[in-house]
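Participant: have a look at this prediction, sequence included:
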Amino acid sequence: MNDKNRNAQTVLLVSNCTLDDNVGRAEKFASRKRLLAQHGWELEIGYVEPTVSGLIDGSIRCIRKARHADVLNSVSNPPHLQIAGAIAANVTGTPWLAEFRDPLVENPDVSEGSMAARLRKQIERYILTHADRTVYYEGIQIPKGYFAEEYPNVASDAWEQLPPIGFDLDKFESVSPKYFDEFTITYAGSFYEGWIEPYDFFNALEKYIEQSDNTDIEGRFYGDWDDNYTTAASKLSIADHITPHPFIQHKEIVRVMKGSDVLLYIGGTDPRNRRNLPTKLYDYIGAGQPILALVDPSFRVADVVVSKGFGIVAHPDNPEAISEAIKQIRTGSFKYDPDPKSIRKFTRQHNTDAYVSILDSIANQ
């Protein structure tokens with residue numbers, strides 16, 4: 001029997017970051033810790049560095065901590081975290097919750113048929129047949145019915161879909177906006193070479209400025225930035241309207257997003273991204289400003305933005321349509337007025353309610 005403190009329920013979260021790290025996942029897990037406390041659960045981190053030596057050290061660390069936990073919760077990705085969780089659960093007998101924040105196998109960053117894909121498939125199979133429960137989030141790139149199709153011999157109650165990871169309502173409501181003098185379009189997050197880049201927006205912004213009398217407009221980019229982007233903006237004569245910034249603390253980027261006029265989402269047209277709802281989108285929803293989504297209109301994110309009234313979708317290859325979308329938002333012909341119930345669906349508070357229900361059922365089984 002595990003040596004557990006029954007005065008409080010504890011979930012050990014197997015993670016590749018600590019709660020103090022300046023990365024998006026750390027902010028989300030710190031938020032989870034605070035929200036879990038409201039439900040009578042304590043969260044501890046079992047840190048695992050995603051290397052071979054880190055996996056060994058991390059697994060030992062997780063075994064030691066799991067002996068005092070009520071539930072052990074491993075996450076994807078990277079797969080090292082699921083391996084460490086499986087080892088610790090097997091050694092200690094602690095109830096094991098395997099969490100897919102990203103797919104292991106149905107992952108656009110993993111080549112189909114590769115050694116990595118085959119290894120991930122074996123890990124996934126082990127999870128589905130050994131974890132006490134597997135959960136995955138609405139909005140990640142796992143097709144509907146995937147687990148039932150891939151693992152027909154596993155009971156259907158072995159896995160469960162949770163609501164979107166969402167944004168932290170408390171944090172967004174407690175932060176005041178940072179307003180700007182110019183009409184401001186803000187992008188917050190990373191770019192990916194050859195996949196998610198700002199060139200289509202640049203072309204559209206050039207067109208908008210050429211056709212508009214109101215040229216007091218600025219595109220603010222917070223995150224990683226390539227010198228090639230600066231060169232491209234200069235060639236289009238829009239460099240004076242583009243301001244890159246490094247990553248900043250989450251609280252500060254919330255202020256910026258809430259004070260911006262438009263929040264720019266770039267999703268591209270790569271079919272591997274068709275089912276994805278990125279966490280950036282949830283923060284955009286929480287900021288309460290119109291979203292301009294440059295993405296294939298058939299993608300899931302496009303459906304959410306349009307159907308819920310969160311913003312406008314324009315095809316990335318159509319600079320005229322993007323320019324027109326900017327105009328519609330600026331002139332007020334697009335009315336931003338989403339249903340509060342739709343916004344609530346994308347909060348971490350809503351997600352945590354469902355997550356805690358799973359923890360309670362596993363801990364008390």
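Facilitator: That came through, no problem.
Participant: show me what contacts the closest residue to residue 258 other than its chain neighbours?
Facilitator: Spatial nearest neighbour of residue 258, excluding adjacent residues (CB to CB, 6 or more residues apart in numbering): residue 177 at 3.8 Å. Using the backbone N, CA and C atoms, a C-beta is placed for each residue, glycine as well. Going by CB atoms under 8 Å, 6 or more residues apart in numbering, residue 177 touches 255, 258-259.
Participant: how much space between residue 101 and residue 108?
Facilitator: According to CB to CB, to the nearest Å, residue 101 stands 15 Å off from residue 108.
Participant: what of residue 15?
Facilitator: Using CB to CB, one obtains 22 Å as the distance from residue 15 to residue 108.
Participant: again, but for residue 323
Facilitator: Using CB to CB, we find residue 323 at a distance of 29 Å from residue 108.
Participant: neighbour-wise, which of these two wins?
Facilitator: Neighbours per residue (other CB atoms under 10 Å) separate residue 323 from residue 108, with residue 323 holding more: 21 against 16.
Participant: checking the more buried one next. Helix, strand or coil?
Facilitator: helix (DSSP: H, G, I helix; E, B strand; the rest coil).
Participant: quick one, helices of the stretch 51-200 of the chain?
Facilitator: Using DSSP state H, counting those that start in this stretch, the helices of the stretch 51-200 of the chain run over 52-66, 79-92, 115-130, 146-150, 169-173, 199-211.
Participant: then the stretch 201-350 of the chain?
Facilitator: Taking DSSP H, counting those that start in this stretch, the helices of the stretch 201-350 of the chain run over residues 227-235, 250-259, 279-287, 300-307, 319-331, 340-345, 348-363.
Participant: reformat the ones you listed as JSON lines; add mean pLDDT and distance to residue 131.
Facilitator: Shown next, in JSON lines, are the helices of the stretch 201-350 of the chain (pLDDT from 0 to 100; distance: least, CB to CB, whole Å):
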{"stretch": "helix 227-235", "mean pLDDT": "97", "distance to residue 131": "43"}
{"stretch": "helix 250-259", "mean pLDDT": "96", "distance to residue 131": "30"}
{"stretch": "helix 279-287", "mean pLDDT": "95", "distance to residue 131": "23"}
{"stretch": "helix 300-307", "mean pLDDT": "96", "distance to residue 131": "26"}
{"stretch": "helix 319-331", "mean pLDDT": "97", "distance to residue 131": "44"}
{"stretch": "helix 340-345", "mean pLDDT": "93", "distance to residue 131": "26"}
{"stretch": "helix 348-363", "mean pLDDT": "96", "distance to residue 131": "10"}
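Participant: in CSV: those, plus distance to residue 67.
Facilitator: As requested, the helices of the stretch 201-350 of the chain are exported to CSV (distance: least, CB to CB, whole Å):
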stretch, distance to residue 67
helix 227-235, 50
helix 250-259, 33
helix 279-287, 32
helix 300-307, 41
helix 319-331, 55
helix 340-345, 37
helix 348-363, 15
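Participant: ok, which of those helices comes nearest residue 272?
Facilitator: helix 300-307 (12.5 Å; CB to CB).
Participant: what packs against the closest one?
Facilitator: Judged by 3 or more CB pairs under 8 Å, 6 or more residues apart in numbering; DSSP states H and E, helix 300-307 is in contact with strand 262-268, helix 279-287, strand 291-295, strand 311-314.
Participant: quick revisit: what's the most buried one of the helices of the stretch 201-350 of the chain?
Facilitator: Mean neighbour count (mean count of other CB atoms under 10 Å) peaks for helix 279-287 among the helices of the stretch 201-350 of the chain, with a mean of 24.
Participant: ok and that helix relative to strand 262-268, angle-wise?
Facilitator: Calculated by axes from the mean of the first three to the mean of the last three CA atoms, to 10 degrees, helix 279-287 forms an angle of 160 degrees with strand 262-268.
Participant: what's the angle from helix 279-287 to helix 250-259?
Facilitator: Using the same axes, to 10 degrees: helix 279-287 against helix 250-259 is 60 degrees.
Participant: report the backbone C-alpha coordinates of helix 279-287 in CSV.
Facilitator: Taking Å, rounded to 0.1, in the frame of the first residue of the first chain, the C-alpha atoms of helix 279-287 are listed here in CSV:
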residue,chain,number,x,y,z
THR,A,279,-3.7,27.4,-26.9
LYS,A,280,-2.9,30.9,-28.3
LEU,A,281,-6.5,30.9,-29.6
TYR,A,282,-7.8,30.5,-26.0
ASP,A,283,-5.9,33.5,-24.8
TYR,A,284,-7.1,35.5,-27.7
ILE,A,285,-10.7,34.6,-26.8
GLY,A,286,-10.0,35.6,-23.2
ALA,A,287,-8.6,39.0,-24.2
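Participant: I'd like to know which elements it is packed against.
Facilitator: Packed next to helix 279-287, using 3+ CB pairs under 8 Å, 6+ apart, are helix 169-173, strand 183-188, helix 250-259, strand 262-268, strand 291-295, helix 300-307.
Participant: tell me which of the ones you listed sits nearest to residue 19.
Facilitator: Set against residue 19 and scored by CB to CB, the helices and strands packed on helix 279-287 come closest in helix 250-259, at 12.3 Å.
Participant: name the surrounding residues that touch the closest one.
Facilitator: Helix 250-259 is contacted from outside by 24, 27, 171-172, 175-180, 184, 186, 188, 220, 222, 248, 263, 283-284, 286-289, using CB under 8 Å, 6+ apart.
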